[in-house]
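The following comprises the amino acid sequence and a computationally predicted model.
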Amino acid sequence: MNDSLLAAWPITAPWSIRPQSGGINNDTRFVETPSGNFILRIYGATRDLAKIRYELAVMAELRRQPLSFAVAEPLPSRSGDPIVLTDTGAPAILMPVIAGIQAERGSLEQAFPIGVALGELTRAMGNVRAEAPPSWRGTYGDLAPFPDIDPLSVAAQAPISPEEQDRLKKLIRWVQERVPAMYAALPRQIIHGDFVPYNLLMQGNRVSAVLDFEIAMHDLRALDLAMALAAWGSGRWHTGDEWTMLEAFCRGYFSRMTLTQAEIEALPFLMRLRRSVNFLHMCGRYLRGAAPLEIALHGSSGALELDGWLELHGPELVTRVSAWARNAVAE
């Protein structure tokens with residue numbers, strides 16, 4: 001299937017194809033050809049072409065801005081359309097490989113430059129005016145990766161202990177209660193939506209590319225920072241070392257981007273919101289038979305661990321981030 005699929009693009013045969021590791025939503029392959037190397041993405045989570053065209057429109061607008069890192073440009077097929085359908089009807093795109101290696105989640109050296117890149121990206125995304133299709137106008141605040149599944153029922157069916165199920169249901173209710181006020185008060189713009197290590201390429205300690213705008217959406221501006229802090233603090237919660245990592249990331253971010261004090265004070269809520277949706281997505285896919293048990297367990301443990309840390313350190317996080325933001329602006 002991949003050989004006949006690749007023939008839809010103007011690339012030189014013969015080619016070799018091998019799987020790529022990364023996210024759980026799509027089938028990603030590395031393609032080597034005499035004329036260059038490419039990444040083939042076959043969409044697994046959506047067949048909504050309007051949604052994919054919105055993603056590509058966001059990327060196109062970003063490429064017109066003066067960014068210090070690359071944003072991939074899909075190769076037009078022989079028909080001129082970058083989107084090609086597989087023999088099963090799944091959409092696919094082909095993108096030239098961008099130099100770099102995947103970012104390391106636990107790297108303190110990378111935290112500052114990645115924070116800089118996110119600050120730069122957030123400013124640039126504020127200038128993007130791509131119009132999302134009606135099918136892709138939800139937000140993280142909907143807490144509904146699967147509209148036909150109630151979030152609390154996902155928590156109740158999660159493959160974890162009854163005590164952990166109860167904690168997750170409590171977390172989801174807590175988030176749901178606060179969503180209306182937060183969405184009424186905080187600034188919105190188009191966000192990346194998944195600014196995590198496997199969507200970043202590095203050359204040394206410089207971000208060379210930001211990848212995968214698949215879930216870019218019009219949402220709360222500070223969500224990208226919140227999800228990045230949740231990702232880069234992961235594995236360090238409750239060790240004391242998390243503060244060094246978070247400070248390096250925030251100093252980089254605030255050297256390029258300014259948030260309101262209300263957005264900073266909302267970070268504990270936004271981090272819980274991100275982890276709640278992440279859990280619902282991962283566990284929901286498991287319950288549908290679309291992801292292995294390990295994915296559901298990862299989503300559950302990530303949400304519970306972060307919630308426990310924020311219960312102890314949420315106010316301190318706001319105080320520290322406020323100081324880092326002030327100092328970064330002063331520098």
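Ah, there it is. Worth saying up front: this structure is predicted, and the values here are computed from it rather than measured. Numbering: from 1, shown residues only.

ok, residue 292 - contacts?
residue 286 (CB atoms under 8 Å, 6 or more residues apart in numbering). (Each C-beta comes from the backbone N, C-alpha and C, glycine too.)

Roughly how far does it sit from residue 6?
According to CB to CB, to the nearest Å, residue 292 and residue 6 sit 28 Å apart.

Please report phi then psi for residue 42.
Main-chain torsions, residue 42, degrees, to the nearest 10: phi -110, psi 110.

buried stuff in the longest helix anywhere in the chain?
The single longest helix within the chain, with elements called by DSSP state H, is helix 293-330. Across helix 293-330, burial judged by 16 or more other CB atoms under 10 Å covers 295-300, 302-307, 309-310, 313-314, 317-318, 320-322, 324-325, 328.

One more: stretch 142-151?
Residues 143-145, 149, 151 are the ones in stretch 142-151 that count as buried (16+ other CB under 10 Å).

same check, this time on stretch 75-93
77, 82-84, 86, 90-93.

Please identify the one among those that lies nearest to residue 241.
For those, the residue nearest residue 241 by CB to CB is residue 93; the value is 39.0 Å.

Compute the distance between the closest one and residue 2, please.
Distance of residue 93 to residue 2, given as CB to CB: 14 Å.

Give the intersection of the neighbour lists for those two.
Common neighbours of residue 93 and residue 2 (CB under 8 Å, 6+ apart) are residue 40.

As a check, name the ranges of all strands in the stretch 151-300 of the chain.
188-191, 200-203, 206-210, 217-220 (DSSP state E, counting those that start in this stretch).

re earlier: just put the buried residues of stretch 142-151 in a markdown table and tack on secondary structure.
Converted to a markdown table, the buried residues of stretch 142-151 look like this (DSSP: H, G, I helix; E, B strand; the rest coil):
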| residue | secondary structure |
| --- | --- |
| 143 | coil |
| 144 | coil |
| 145 | coil |
| 149 | coil |
| 151 | helix |
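
of all those residues, which comes closest to residue 103?
Using CB to CB, those come closest to residue 103 at residue 145, 24.5 Å.

Isn't the closest one up against residue 281?
Yes. At 4.1 Å, residue 145 counts as touching residue 281 under the criterion of CB atoms under 8 Å.

coming back round to it: present the strands of the stretch 151-300 of the chain as TSV; the columns should include distance to residue 231.
As requested, the strands of the stretch 151-300 of the chain are exported to TSV (distance: least, CB to CB, whole Å):
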stretch	distance to residue 231
strand 188-191	14
strand 200-203	10
strand 206-210	14
strand 217-220	17
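
how about the ones you listed, which one is nearest residue 173?
Short answer: strand 217-220, nearest of the strands of the stretch 151-300 of the chain by CB to CB, at 19.7 Å.

Now do the contacts for the spatially most central residue of the chain.
In the chain, the residue lying closest to the centroid (CA atoms, centre = their mean) is residue 194, at 0.5 Å. Going by CB under 8 Å, 6+ apart, residue 194 touches 23, 212, 214-215, 227.

okay, these in TSV with neighbour count, pLDDT and distance to residue 271 next?
Output for these, formatted as TSV (neighbours: other CB atoms under 10 Å; pLDDT from 0 to 100; distance: CB to CB, whole Å):
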residue	neighbour count	pLDDT	distance to residue 271
23	17	59	20
212	23	92	20
214	19	92	21
215	19	90	17
227	25	94	7
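
Out of the residues you listed, list just those in helices.
Short answer: the contacts of residue 194 in helices (DSSP H) are residue 227.

With respect to residue 287, which of the contacts of residue 194 is nearest?
Using CB to CB, these come closest to residue 287 at residue 23, 18.6 Å.

Please name every helix or strand in contact with the host helix or strand of residue 3.
Assigned by DSSP states H and E, residue 3 falls within helix 2-6. Judged by 3 or more CB pairs under 8 Å, 6 or more residues apart in numbering; DSSP states H and E, the packing partners of helix 2-6 are strand 36-42.

Give me the pLDDT for the residue nearest to residue 2 when sequence neighbours are not counted.
Spatial nearest neighbour of residue 2, chain neighbours left out: residue 17 (5.2 Å); criterion: CB to CB, 6 or more residues apart in numbering. Looking at residue 17, its pLDDT is 90.

which residues touch residue 17?
Neighbouring residues of residue 17 by CB under 8 Å, 6+ apart: 2, 6, 29-32, 40.

How about residue 73?
Contacts of residue 73 (CB under 8 Å, 6+ apart): 59-60, 63, 95-96.

Max pairwise distance over those residues: which two?
So, the contacts of residue 73 by CB to CB: farthest apart are 60 and 96, at 14.8 Å.

thinking again about what came up before, between all of the buried residues of stretch 142-151, which two are separated the most?
Among the buried residues of stretch 142-151, 143 and 149 lie farthest apart (CB to CB), at 10.6 Å.
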